[in-house]
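Chemist: Output the structure for:
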Amino acid sequence: MLLDREFPPDVRVENEIEILREEGVAVTLLAFTRSGRPQHETLANGVDLHRAPISSLVYKSSVACLKHPMYFNFWRSAVRRVLASTIVHAIHVHDLPLARVGREIADEIGVPMVLDLHENWPYMLDVAEHTNSWLGRLLSSPIRWRRYEREMVTAADAVVTVVDEMRSRIIALGADADRVVVYQNVPDQSMLEAVLPKVDGEFFTLLYAGGINIHRGLQVVLDAIGLSKQQLGPFKFRVLGDGRYLSRLRKQVTELDIERLVEFAGWVDQREVIRTLAEADLAIVPHLRNTQNDHSSPNKIFQYMLSGTAVITSDCLSLKRVVTETGAGLV
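Modeler: Coordinates of the predicted model:
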């Protein structure tokens, strides 16, 4: 497996590894590290984990990888170092950026390449802050990324997506429908052990768990709390997660004078999320409608459902479908 981020954590990757292990597949995973983590270790679940130390310059060059070879060259070298002492029977690439490297290496050693698309990468780059600066627009081309995605989904031997809506989008790009499968971001069955009985707290608790950026829509929830703060009884909005947008949300909470109603608890692992849901009366997925969120399958909605917590979600297409089909809550 190739993963161009720190690992752990990554809930989707961890769950897929468990499924593969149950089928008797040994997993070697190559990620990077920017924080001096061990370059090689065997995890408790048996994964042979390699980490390639990455400099700030190479890390930042990822945005320009379709125009400049630095980032891809870093990964080509890192993969070949691992393969010098490891026999593999398939290359499993997580997300779009490393697809070209995965395809090249797979062809070199004569094995299939699986492309696992967690996100709509071209769209995410199109709306990201760092690619909309003058330098970002110079280094990253939305047209090139869309062309690259089309090329890679047709070049992969198999494509894994997160939800039916994403599968349809990938097929529309030209991928063979028989090669595109869906693995939703559902919790591993072992997470059932973390489910606790519901408890009555002193507050009505609304809970959000997940990443924090402008597209997650948390700012809308805070605005709603600000508008209704005089009418709310004992109430707490608990946010489990982290991200660049967190500082802006903290500022918004102060400006709205709702500090007593909002708690930012930081990042916790998925097992702790499910435990914490025992104290929640309602859980929320307030994602804003956009191309990415209409075709996403967030871990949190399935964690909420596993715990038996009612869900309130925005009207993003895939979220609306899941909640409506399962009766898990309200849109």
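Chemist: okay, and the helix or strand of this protein with the least pLDDT?
Modeler: Within the chain, confidence by mean pLDDT, DSSP states H and E is lowest for helix 134-139 among all helices and strands, at a mean of 86.
Chemist: Would you confirm that Phe235 contacts Leu206?
Modeler: Yes: with contact taken as CB atoms under 8 Å, Phe235 and Leu206 are classed as touching, separated by 7.4 Å. Yep, even glycine has a C-beta here, placed from its N, CA and C like the rest.
Chemist: Next, report how far the least confident helix or strand of the chain is displaced from the centre of its chain.
Modeler: In terms of CA atoms, centre = their mean, to the nearest Å, the gap separating the centre of helix 134-139 from the centre of its chain is 25 Å.
Chemist: I'd like to know which elements it is packed against.
Modeler: Applying 3 or more CB pairs under 8 Å, 6 or more residues apart in numbering; DSSP states H and E, one finds that helix 134-139 contacts no other helix or strand.
Chemist: which of the residues in it are buried?
Modeler: Using 16 or more other CB atoms under 10 Å as the burial criterion, the residues of helix 134-139 that qualify are Leu139.
Chemist: Next, Ile312: secondary structure please.
Modeler: When classified by DSSP: H, G, I helix; E, B strand; the rest coil, Ile312 comes out as strand.
Chemist: shouldn't it be in contact with Ala328?
Modeler: No: distance between Ile312 and Ala328: 9.8 Å, which falls outside the contact criterion (CB under 8 Å).
Chemist: since we're on Asp107, how many residues are nearby?
Modeler: Using other CB atoms under 10 Å, Asp107 is surrounded by 12 other residues.
Chemist: Quick one: residues in contact with the least confident helix or strand of the chain.
Modeler: For helix 134-139, the external contacting residues (CB atoms under 8 Å, 6 or more residues apart in numbering) are Val63, Ala64, Lys67, His68, Ala128, His130, Thr131.
Chemist: and which of these is nearest to His295?
Modeler: Ala128 (16.9 Å; CB to CB).
Chemist: can you map out the helices along the stretch 51-200 of the chain?
Modeler: Counting by DSSP state H, counting those that start in this stretch, the stretch 51-200 of the chain has these helices, from start to end: 56-60, 70-83, 99-109, 121-127, 134-139, 142-155, 164-172.
Chemist: packing partners for the second one?
Modeler: Taking 3+ CB pairs under 8 Å, 6+ apart as the contact definition, the neighbouring helices and strands of helix 70-83 are strand 28-33, strand 48-53, helix 56-60, helix 99-109.
Chemist: closest one to Gln303 among those?
Modeler: Go through the helices and strands packed on helix 70-83 one by one with CB to CB and the one that ends up closest to Gln303 is strand 28-33, at 22.9 Å.
Chemist: what comes into contact with the closest one?
Modeler: By CB under 8 Å, 6+ apart, the surrounding residues in contact with strand 28-33 are 1-7, 13, 17, 39, 47-54, 59, 78-79, 82, 86, 88.
Chemist: List only buried entries from those residues.
Modeler: Restricting the contacts of strand 28-33 to buried positions leaves 1-4, 7, 13, 17, 47-52, 54, 78-79, 82, 88, with burial counted as 16+ other CB under 10 Å.
Chemist: Quick one: neighbours of the nearest residue to Val186 once chain neighbours are set aside, just the number.
Modeler: Counting by CB to CB, 6 or more residues apart in numbering, the nearest residue to Val186 once its immediate chain neighbours are dropped is Phe302, at 4.6 Å. The local packing of Phe302 (other CB under 10 Å) involves 21 other residues.
Chemist: now Phe302: how far from Leu57?
Modeler: Counting by CB to CB, to the nearest Å, the gap between Phe302 and Leu57 amounts to 38 Å.
Chemist: now swap in Arg250 and tell me
Modeler: Taking CB to CB as the measure, Arg250 and Leu57 are separated by 31 Å.
Chemist: More neighbours: those two, which one.
Modeler: Arg250 (14 against 10).
Chemist: And the next helix or strand past the helix or strand the more buried one falls within?
Modeler: Here Arg250, judged by DSSP states H and E, is contained in helix 246-256. Tracing the chain past helix 246-256, the next element assigned as helix or strand by DSSP H and E is strand 262-266.
Chemist: in that following strand, what's buried?
Modeler: Neighbour-count burial for strand 262-266 flags Val262, Glu263, Phe264 (criterion: 16+ other CB under 10 Å).
Chemist: Same question for stretch 178-189.
Modeler: Under the neighbour-count criterion of 16+ other CB under 10 Å, stretch 178-189 has Arg179, Val180, Gln184, Asn185, Val186, Pro187, Asp188 buried.
Chemist: Show the contacting residues for the residue lying closest to Thr161 once chain neighbours are set aside.
Modeler: Take Thr161 and drop its neighbours on the chain: the residue closest to it by CB to CB, 6+ apart is Arg167, 4.7 Å away. Neighbouring residues of Arg167 by CB under 8 Å, 6+ apart: Thr161, Val180, Val181, Val182.
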